[in-house]
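> When you get a sec, could you give me coordinates for this:
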Amino acid sequence: MGLVNEIVPAEKLLARARELADLLIAASPASLSRAKRLMTSAAAPEVDHDLERAILENARIRCTPDFKEGLASFLEKRKPVWQGKPE
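From the prediction side, this is the model:
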């Protein structure tokens, strides 16, 4: 979201993080809360879409021979024999 986007050498990371935290602490809590709510609501449709895609893909994967083999081999405490054939 670009709220914090800078590269800092490892030895200066903690000091820079504290500087940024001090800036946030000094800001209006109400303004920060509203800004956070705005960013969250702006990202929500994209997150919902990505979550839906992930759920559908997970359901598809669970129907593959490799998934079934992986589950069976886990339950039978043996090494899986992958077929590697997508469905």
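> Tell me the buried residues in the lowest-mean-pLDDT helix or strand in the chain?
For the chain, counting by mean pLDDT, DSSP states H and E, helix 29-61 ranks last in confidence among helices and strands (a mean of 89). Buried positions in helix 29-61, judged by neighbour count with 16 or more other C-beta atoms under 10 Å: none. The C-beta positions use only the backbone N, C-alpha and C, and glycine is treated the same way.
> From here on, call the first residue 29.
Okay, residue one is now 29; in that scheme the one you just asked about reads as helix 57-89.
> Can you name the element that comes right after that helix?
helix 93-103 (DSSP states H and E).
> quick one, that following helix and helix 57-89 angle?
100 degrees (axes from the mean of the first three to the mean of the last three C-alpha atoms, to 10 degrees).
> which parts of helix 93-103 are buried?
Result for helix 93-103 [16+ other C-beta under 10 Å]: buried residues Asp94.
> Just the CA trace of it, in CSV.
This file holds the C-alpha atoms of helix 93-103, laid out as CSV (Å, rounded to 0.1, in the frame of the first residue of the first chain):
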residue,chain,number,x,y,z
PRO,A,93,-4.8,-37.9,-8.1
ASP,A,94,-1.6,-36.3,-6.5
PHE,A,95,-3.7,-34.8,-3.7
LYS,A,96,-5.4,-38.1,-3.0
GLU,A,97,-2.0,-39.9,-3.2
GLY,A,98,-0.5,-37.4,-0.8
LEU,A,99,-3.3,-37.8,1.7
ALA,A,100,-3.3,-41.6,1.5
SER,A,101,0.5,-41.8,1.8
PHE,A,102,0.4,-39.5,4.9
LEU,A,103,-2.3,-41.6,6.5
